[in-house]
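Chemist: Next one to model:
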Amino acid sequence: MTTLVRLQALRHYGGDPPRCVWCGCDDVAQLEIDHIIGGQGQGNAHRNEIRGKLEYWLKRNHYPPGYDVLCRVCHARKSADEREVIMPSRNGAREIWGNSDEALATQIEALAAKSSKSGVLEQALTAYVSGNGQQAGMAGVLKRLHEHTAAIEQLDQTMQRVEGQIARMDDRLTKIEHRQAEIMDVLRRIWDDHQATQKALQHRWRAVFYLILQGHR
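Modeler: Numbers count the residues shown, from 1 in each chain. Take a look at the predicted model:
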């Protein structure tokens, strides 16, 4: 059964109507969401980590990069191929090989801070085709992009935790300031009472002294 959330995820990563990015199969019942970088068990580990349906997690996280759509047959083929050889290119695409070095990864990381994810991928591929690197292909480019996005997400989560801690500290400081104000108010009342008592005593002593003087006369 295809839920609306699942169909939205398939359309986001597989087009409208959604299709397998390898063979072009458009049977929604046969389509599955694939972790692009998942050959070492990352996909299964991620599913175990989120403890729920992947399509709901993707929607909550605004459909991050690193996923595509495969039919069940191609998904199974990819899972087997990733353990042995590099995956074949999808229909309608050619696989390009060349030499690249760390310059490509560095460019992706630099571009991601200044451009959209699609812009990063486009410029990274341009740099690859120009000849900067050693054995990088589409999988290498997407892996670097996925790692960079994961690092940004982790940083965002850390910032959210820090902001939460700062908010709690601000709340504590506000409570301390209120408590200090209450204490100062109590001290002022005590001081005012002390001053009033001193004045009352002075008046009484003056009255007593006056009576004493009158008695001597």
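
Chemist: rest of the way, CA atoms for contacts and neighbours
Modeler: Noted.

Chemist: can I assume Pro18 is in contact with Leu10?
Modeler: Yes: if you go by CA atoms under 8 Å, Pro18 and Leu10 touch, sitting 5.7 Å apart.

Chemist: Overlap in contacts, the two.
Modeler: Shared contacts of Pro18 and Leu10, defined by CA atoms under 8 Å, 6 or more residues apart in numbering, comprise Val69.

Chemist: any weak-confidence spans in the protein?
Modeler: 1-2, 38-41, 81-144, 146, 216-217 (pLDDT under 70).

Chemist: Let's see that with 50 instead.
Modeler: Scanning the chain for pLDDT under 50 picks out the ranges 84-87, 94-101, 115, 131-137.

Chemist: Break it into its domains for me.
Modeler: 1-94, 96-188 (automatic domain parsing).

Chemist: Give me the secondary structure label for Pro17.
Modeler: coil (DSSP: H, G, I helix; E, B strand; the rest coil).

Chemist: any idea how far it is from Gln8?
Modeler: For Pro17, the distance to Gln8 equals 10 Å [CA to CA, to the nearest Å].

Chemist: Mind checking which of these two has more residues around it?
Modeler: Higher neighbour count among Pro17 and Gln8: Gln8, with 20 against 12, using other CA atoms under 10 Å.

Chemist: I'd like the secondary structure assignment at the more buried one, please.
Modeler: helix.

Chemist: Next: Trp22.
Modeler: Applying three-state DSSP: Trp22 is coil.

Chemist: Which strands or helices does the host helix or strand of Arg77 pack on?
Modeler: Element membership for Arg77 (DSSP states H and E) is helix 72-81. Other helices and strands packing on helix 72-81, by 3 or more CA pairs under 8 Å, 6 or more residues apart in numbering; DSSP states H and E, are strand 31-35.

Chemist: So which residues make contact with the strand it packs on?
Modeler: So strand 31-35 is contacted by 9-10, 13, 19-20, 25, 42-43, 55, 66-72, 75 (CA under 8 Å, 6+ apart).

Chemist: 6 Å instead?
Modeler: Outside of strand 31-35, the residues within contact range by CA atoms under 6 Å, 6 or more residues apart in numbering are Gly43, Tyr67, Asp68, Val69, Leu70, Cys71.

Chemist: Which single helix of the protein contains the most residues?
Modeler: helix 137-216 (DSSP state H).
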